[in-house]
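Engineer: Following is a predicted model, sequence given first.
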Amino acid sequence: MKALITGGAGFIGSAVVPLLKKEGYEIFVLDNLSFGNREFIDIPDSHFFPEDIRNAVKVSEILNKVHPEIVVHLAAIHFIPYCNKHPFEAADINIRGTINVLNACKQISRLKKFFFASTAAVYPICDGAVSENHEVMPLDIYGLSKLTGEHLCKKFWLETDIDTIVCRFFNAFGPNETNQHLIPEVEKQLHDGLRTIKLGNLTPKRDFIHTYDMASAVSKLLRLGDTGYDVFNLGRGIEYSVVEVVEAFERQLGEKIKIEVDPARVRKVERQHLLADVHKLKNKTGWEPLWGIDEGIRNMIQCWNY
Ligand SMILES: NC(=O)c1ccc[n+]([C@@H]2O[C@H](COP(=O)([O-])OP(=O)(O)OC[C@H]3O[C@@H](n4cnc5c(N)ncnc54)[C@H](O)[C@@H]3O)[C@@H](O)[C@H]2O)c1
């Protein structure tokens, strides 16, 4: 089966591409490398299209050339501080780009499944675990752009009857992270030899899910038959505070780490919790996450030696 992955040279793509390749899919990637890295993915140049999803003509040409059975749409900009500073660019890529990809997909007669990477940022602030039925109310332009993407996907499914899966990713961690989120920021400071590190808000908790576990969930979701339009959370179902993340680094390094709050990094508006209810994903696919925070961080630290 041919699978076209937009944004496949990015952080999550770098875990999804090798897994799907190993499972026998013929992989094609469309990525303008604005955040991704060609070296993250081992596919021939004939299967790599360095184009922008905002270019409707190119996107349509590529889809018609590849004629995939599966499209996984990961391309987006998603670093929330960047999106907040560049709202028009965020809307342009995440909404117009998604419209272009969906429009091109409508021309592909053999397309069996469309997969859209949405986000936990579609949910409002709340304390407990959120299930897919929870009300949606994004707090920022990024969440708003992805929620619009979800609506566009539903419209696409209504018009084409092609199985369409919306997957709300929670906080990814693992190798090849392209944006300076919490875990790579802590990792960078520690790798630089610091043992007193500067961070922003310390209390917020997040549901960190390893990209290898995300890739296996994506693979299982792609294999579900006759889904129609369906929405799934993808998280680990456990949340960790910033302090708990640093403690996991302490355990793996076997060294004490001191945290200093850097006022310049403190976000004024910050969710205290973001936790996935992943019962639906587990029940429908049998997926189970294998990578805890300690294993994932140990794996990162082991790579420092190479
Ligand atoms: N990383 C997370 O924690 C997280 C959480 C929720 C949702 N997501 C979603 O998952 C998807 C993948 O995220 P990621 O963490 O791998 O991010 P990433 O930035 O590493 O990957 C996105 C890829 O899309 C490419 N891209 C960006 N704009 C493009 C454009 N205009 N045309 C073509 N390619 C373009 C980038 O070069 C990059 O390779 C995104 O849709 C993101 O919104 C990620």
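Structural biologist: Arrived safely, thanks for sending. Numbering: from 1, shown residues only.

Engineer: need the next SSE after the helix or strand hosting F156, C-terminal direction.
Structural biologist: Under the criterion of DSSP states H and E, F156 resides in helix 141-160. Of the helices and strands lying after helix 141-160 in sequence (DSSP H and E), the nearest is strand 163-169.

Engineer: what about that next one and the ligand, any contact?
Structural biologist: Yes. Taking Cβ under 6 Å from any ligand atom as the criterion, strand 163-169 and the ligand are in contact, through F169. (C-beta placed from N, C-alpha, C; glycine too.)

Engineer: So which elements touch the helix or strand following that strand?
Structural biologist: Next helix or strand after strand 163-169 toward the C-terminus (DSSP H and E): strand 171-173. Other helices and strands packing on strand 171-173, by 3 or more Cβ pairs under 8 Å, 6 or more residues apart in numbering; DSSP states H and E, are strand 208-210, helix 211-223.

Engineer: quick one: the longest one near the ligand?
Structural biologist: No. Using Cβ under 6 Å from any ligand atom, no contact is recorded between helix 211-223 and the ligand, whose separation bottoms out at 7.9 Å.

Engineer: again, but for the shortest one
Structural biologist: No. Against the ligand, strand 208-210 shows no contacts by Cβ under 6 Å from any ligand atom, the least distance being 8.1 Å.

Engineer: Residues in contact with that strand: which ones?
Structural biologist: 169-174, 183, 234-236, 238, 240, 245, 276, 289-291, 293, 295-296 (Cβ atoms under 8 Å, 6 or more residues apart in numbering).

Engineer: 10 Å instead?
Structural biologist: With Cβ atoms under 10 Å, 6 or more residues apart in numbering as the test, strand 208-210 has contacts from 15, 169-175, 181-183, 216-217, 233-240, 244-245, 248, 276, 278, 289-293, 295-297, 299.

Engineer: now swap in stretch 52-64 and tell me
Structural biologist: Outside stretch 52-64, the residues that reach it (Cβ under 10 Å, 6+ apart) are 4, 6-7, 28, 30-34, 49, 51, 68, 71, 73, 75-76, 89, 92-94, 96-108, 111.

Engineer: Give the rounded mean pLDDT of that stretch.
Structural biologist: Regarding stretch 52-64, the rounded mean pLDDT is 98.
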